[in-house]
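Trainee: Need coordinates for the below:
(chains A and B)
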Amino acid sequence: KNEVEQSPQNLTAQEGEFITINCSYSVGISALHWLQQHPGGGIVSLFMLSSGKKKHGRLIATINIQEKHSSLHITASHPRDSAVYICAVRAQGAQKLVFGQGTRLTINP
Amino acid sequence: NAGVTQTPKFQVLKTGQSMTLQCAQDMNHNSMYWYRQDPGMGLRLIYYSASEGTTDKGEVPNGYNVSRLNKREFSLRLESAAPSQTSVYFCASSVWTREAQYFGPGTRLLVL
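Mentor: From the prediction side, this is the model:
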């Protein structure tokens, strides 16, 4: 079992829909990251969080440390949100990130 | 600021050839990383440098060597390329290892 599991692996939705991508992990962590990989391959860091909730524009990330679970929400989705979304965790005391396999999101007009 | 730059963007090698992937950052970051990304798998850490003058193995270091040339530059060397090293390689940097990472555009490597 991978340390970091994302679901779903693939998600297709219509423009305007509310999107939720989930990330579960199996170890105690000091931080969780959400990243976005564009169709061209570039990777951008979206959020780093260790508790609670963060919001940036239409993107919201939440984390429940007790349940070892995080969600990334996109409100009013748009075709330009189509990308692979990657969850990564840093275990307590570790310097390195461990990455999930990613969720491929496609938003149709 | 250019951020994190990588060269080359694309390379084809024959089995047994050697090459060095170059990475540079202009953000005065202390920590730098090399990852590989393969279809169906998450990013996997090859080597990292927590600070200038230090390097450490990641999850998949076999077949690779690294050099932290100075604070800006971190190179990855394949001494004898193998088809299993066909992948997309990403360099990243961060202020320190506990901070968000900034990624380069990637190098697509094909080993025949």
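
Trainee: Distance of the most centrally placed residue in chain B relative to chain A?
Mentor: Within chain B, one residue has its C-alpha closest to the average C-alpha position: by Cα atoms, centre = their mean, that is B:Trp34, at 2.9 Å. When Cβ to the nearest Cβ, to the nearest Å is applied, the distance between B:Trp34 and chain A equals 12 Å. Glycine gets a C-beta too; all of them are placed from N, C-alpha and C.

Trainee: what sits against that residue?
Mentor: Contacts of B:Trp34 were listed using Cβ atoms under 8 Å, 6 or more residues apart in numbering or on different chains, and they are B:21, B:23, B:45-48, B:58, B:64, B:66, B:74, B:76, B:89-91.

Trainee: wait, does the host helix or strand of A:Ala13 contact chain B?
Mentor: With secondary structure defined by DSSP states H and E, A:Ala13 is part of strand A:10-14. No - on the criterion Cβ under 8 Å from any Cβ of the partner chain, strand A:10-14 is out of touch with chain B, staying 12.0 Å away.

Trainee: what about that strand, average pLDDT?
Mentor: Over the span of strand A:10-14, the pLDDT mean works out to 98.

Trainee: just stretch A:49-69 next, same as before
Mentor: 96.

Trainee: And that stretch, how far out from the chain middle?
Mentor: Computed by Cα atoms, centre = their mean, to the nearest Å, the separation of stretch A:49-69 from the middle of its chain amounts to 9 Å.

Trainee: So for that stretch, what gets flagged as buried?
Mentor: By neighbour count, with 16 or more other Cβ atoms under 10 Å in any protein chain shown as the criterion, the buried positions of stretch A:49-69 are A:Leu49, A:Leu59, A:Ile60, A:Ala61, A:Thr62, A:Ile63, A:Lys68.

Trainee: Quick one: residues contacting the last one.
Mentor: Right, A:Lys68. A:Lys68 sits next to A:Ser24, A:Tyr25, A:Ser26, A:Val27, A:Ile29 when contact means Cβ under 8 Å, 6+ apart.

Trainee: can you give me the strands for the chain?
Mentor: You didn't say which chain, so I picked chain A. When secondary structure is read from DSSP state E, chain A shows strands at A:4-7, A:10-14, A:19-25, A:29-37, A:43-49, A:52-56, A:59-64, A:69-74, A:83-91, A:98-99, A:103-108.

Trainee: Chain B was what I was after
Mentor: Counting by DSSP E, chain B has strands at residues B:4-7, B:10-13, B:19-25, B:31-37, B:44-49, B:56-57, B:64-68, B:74-78, B:87-94, B:102-103, B:107-111.
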